[in-house]
Structure formats: C-alpha cells, structure tokens
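**Q** Whatever this is, show me its structure:
(one chain, ligands or ions: 1)
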Amino acid sequence: MSFLKPVKMIIFANWKIYMRSRGEVKDYASILKNELNHFESDFLEIHIMTDFISFDYVNSCLSKTQIKTGVQDLFWEDFGSYAGEVSPLMLKDLGCSSAYIGHSERKAYFGENDESINKKVLACLRNGIKPLMFIGETIEELKSGETEAVLKMQLEKGLSNISLEMLKNTAIIYEPRWAIGQKASASASTISSMHKLTRKLLSEIYGSKHAQRIPVLYGGSVNLDNIREIVAIQEVDGVGAARAALNPYDFIELVRITEEEAIKRNRAGKV
Ligand code: PGA
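**A** Residues are numbered from 1 along each chain as shown. Okay, the predicted model is just below:
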C-alpha cells in the first residue's frame, strides 16, 4: 500500500475550557469565519478543538470554510450505558473531523492511560474522525533518561491494532509534559531530536516508508514568538497551541506563519 497524497502541515487550536460564555464562542467563530472565509490551501489543515458544548455551534458557523472542527476527548464506545460520556458516533453525526486523544491533562487529572488511549484512537478511526494522539514525557522521566522508553511504550500501546490503512487518517503530537503552559517551548534542538526519535520509533512499528507519511506535530507553549522557528524544523509537520490560540487574531497569525512554511516546503518538494 502506498500513500499517494502528500502530507499537509496541520495546525490545531485547543480551547480547553477557556471559553467562558456563548458570547465568547460566537465572537471567536465569527472572526475566524470572516477572516479565513477564503482560506483554501493544499498545504495546510486547520483544526479548532472546542469543548463539547460549543462544538455544534462552531462547526455550523464554520461549515462553509475550510476550517475543520474537533473535540478534545471522546469515549471509546459508540453507544450504550455510559452515563456522562460523549460518543464518537454522536460526534460524527454532528460533523466532527478530529479529536485530541490522550492529552496530558487527561492523563494527569482523568486517569487516561495507554489502554484507554488505544481504544479511543480505534473509536475515532472506526467513525472517520482523525485522532491526534499525544505522546510526551514528564519532567521526571526526562531527568531520569527514560524519554525514549516512554515514547516507545506510548506509541506501541496507543497504536496497537492500528493498521496501515487506518494510519492514513492518524496524526501524532509530541508534547513534552514539562513544556505545556510555560513561557518557553522546548528548544528547537530538543524538538528536532525528539521528532527524529518519534519517526524512528514509528519506523520500527510500521517500516520507514509508511512512518515517513505519518504527521508528527509539536505542542507545548507554541506562541507568536517561537512558531517560526518551530515550524521551520524539518521534522515538524505542524503544531498545536492552546493559550496562544485563544485570541482569534493571534491564531490567524499562527495559521499564516505555518502556511507560509508549508508553501515553502512544498515548493522545495519536502512535504
Ligand atoms: P499551551 O498548551 O499551548 O498553552 O502550552 C498546549 C496544550 O496543552 O496542548
């Protein structure tokens, strides 16, 4: 099996639960709609990861644009007796394009683990939703030299039973847990070497030809000051941002910078 289409760069805005009212949600969505109405790119995919409550509104508002909408988590069963959960089937029915799976805040506060992550990745793929699966080490794991073993385990378990065919709609994000919510991101050299490592680990699972085509993004304190440097790292296929994307105009600027890099790469034949 071969991947004929080039991999686009990808950018995600993660709202977490920062939107405090319907008014804020409406303002953000209408600014994006107006400013990026004509956005059309063969080289960049844009995803807004809303909370569950705002999803339907934002998705409808942006339906005539090229901007995709997704959620920050979902449950692994399609339906049944699971009080309080939101199912991938329901989300698909509303037009959900993508889902964050295994964000480190889910791991830290809500008991997410490699096994539940794998079930959720499979649930996404079964329903035609693109999973963005998180990997990344804690500060303790970094200090004790366990990063490679941790990433290997996260990839092997998280992607267990994911076939090559399913892989086409899957993306990975390397987000070191120590770099989230900070002033500075990981350094460019760390990002570069961690992405090389991730690609090597993916090659061990899928073979290098196929591993080559899986988008591997970076997340963790991406902002307007550092995004140029981060997206210029050859191994980085895109970024996820939370705080820096909360102002819609800032997010639009992050989009423009990433798209510039995506166009540059395409011209150079690298994407
Ligand atoms: P941040 O968060 O961009 O605010 O550091 C990133 C994330 O949690 O995905």
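**Q** Could you use CA atoms for every contact and neighbour count after this?
**A** Noted.
**Q** roughly how far apart are M9 and R265?
**A** Distance, M9 to R265, using Cα to Cα, to the nearest Å: 10 Å.
**Q** do the same with S189
**A** S189 is 19 Å from R265, by Cα to Cα.
**Q** Which one of the two is surrounded by more residues?
**A** R265 (17 against 11; other Cα atoms under 10 Å).
**Q** how close does that one get to the ligand?
**A** Separation of R265 from the ligand (Cα to the nearest ligand atom, to the nearest Å): 24 Å.
**Q** what do you get for G181?
**A** Taken as Cα to the nearest ligand atom, the span from G181 to the ligand is 4 Å.
**Q** show me what contacts A188?
**A** E229, I230, I233 (Cα atoms under 8 Å, 6 or more residues apart in numbering).
**Q** correction: F79
**A** F79 makes contact with S87, L89, according to Cα under 8 Å, 6+ apart.
**Q** can you check K183 too?
**A** S221.
**Q** Can you tell me the SS state at it?
**A** At K183, secondary structure determined by DSSP: H, G, I helix; E, B strand; the rest coil is coil.
**Q** any idea how far R228 is from it?
**A** 16 Å.
**Q** for N266, same thing?
**A** Distance from N266 to R228, by Cα to Cα: 16 Å.
**Q** V239 now?
**A** Distance from V239 to R228, by Cα to Cα: 11 Å.
**Q** Which of those two has more residues huddled nearby?
**A** V239 (25 against 16).
**Q** pretty sure that one is in a helix, no?
**A** No - V239 is assigned strand when assessed by three-state DSSP, not a helix.
**Q** who does it bridge with?
**A** Beta-bridge pairing for V239 (DSSP bridges): I11, Y218.
**Q** give me every residue that touches it.
**A** Counting by Cα under 8 Å, 6+ apart, V239 has contacts I10, I11, F12, I173, L217, Y218, G219, V222, V231.
**Q** Pull up the pairing partners for the host helix or strand of the fourth one, direction included.
**A** Take DSSP states H and E as the rule and I173 turns out to sit in strand 171-174. Strand 171-174 has the following strand partners under DSSP bridges: strand 130-135 (parallel), strand 216-219 (parallel).
**Q** Nearest approach to the ligand belongs to which of those?
**A** Comparing the strands paired with strand 171-174 by their distance to the ligand (Cα to the nearest ligand atom), the top pick is strand 216-219, with 5.6 Å.
**Q** how about the closest one as CSV, C-alpha atoms only?
**A** Extracted C-alpha coordinates of strand 216-219, given in CSV (Å, rounded to 0.1, in the frame of the first residue of the first chain):
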residue,chain,number,x,y,z
VAL,A,216,4.2,14.3,13.7
LEU,A,217,3.3,17.6,15.3
TYR,A,218,4.8,19.6,18.2
GLY,A,219,2.8,21.1,21.1
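**Q** Next to the ligand, which bits of the stretch 151-271 of the chain? Give me the list.
**A** Within reach of the ligand by Cα under 6 Å from any ligand atom, the stretch 151-271 of the chain has these residues: I180, G181, Q182, G219, G220, S221, V222, G240, A241, A242, R243.
**Q** out of those residues, which are buried?
**A** Taking 16 or more other Cα atoms under 10 Å as the criterion, what is buried in those is I180, G219, G220, S221, V222, G240, A241, A242, R243.
**Q** Helices of this structure, residue ranges please.
**A** For the chain, helices defined by DSSP state H occupy the ranges 22-35, 52-61, 88-94, 104-110, 114-126, 139-143, 147-158, 164-167, 188-206, 208-211, 227-231, 248-267.
**Q** May I see the ones you listed organised as TSV, with mean pLDDT added?
**A** Listed next are those as TSV, based on pLDDT from 0 to 100:
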stretch	mean pLDDT
helix 22-35	97
helix 52-61	98
helix 88-94	97
helix 104-110	96
helix 114-126	98
helix 139-143	95
helix 147-158	98
helix 164-167	87
helix 188-206	96
helix 208-211	89
helix 227-231	98
helix 248-267	95
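**Q** Out of those, which gets nearest to F43?
**A** Closest to F43 of the helices of the chain is helix 248-267 (Cα to Cα; 5.6 Å).
**Q** Centre of the chain to that closest one, how far?
**A** The chain centre lies 16 Å from the centre of helix 248-267; the measure is Cα atoms, centre = their mean, to the nearest Å.
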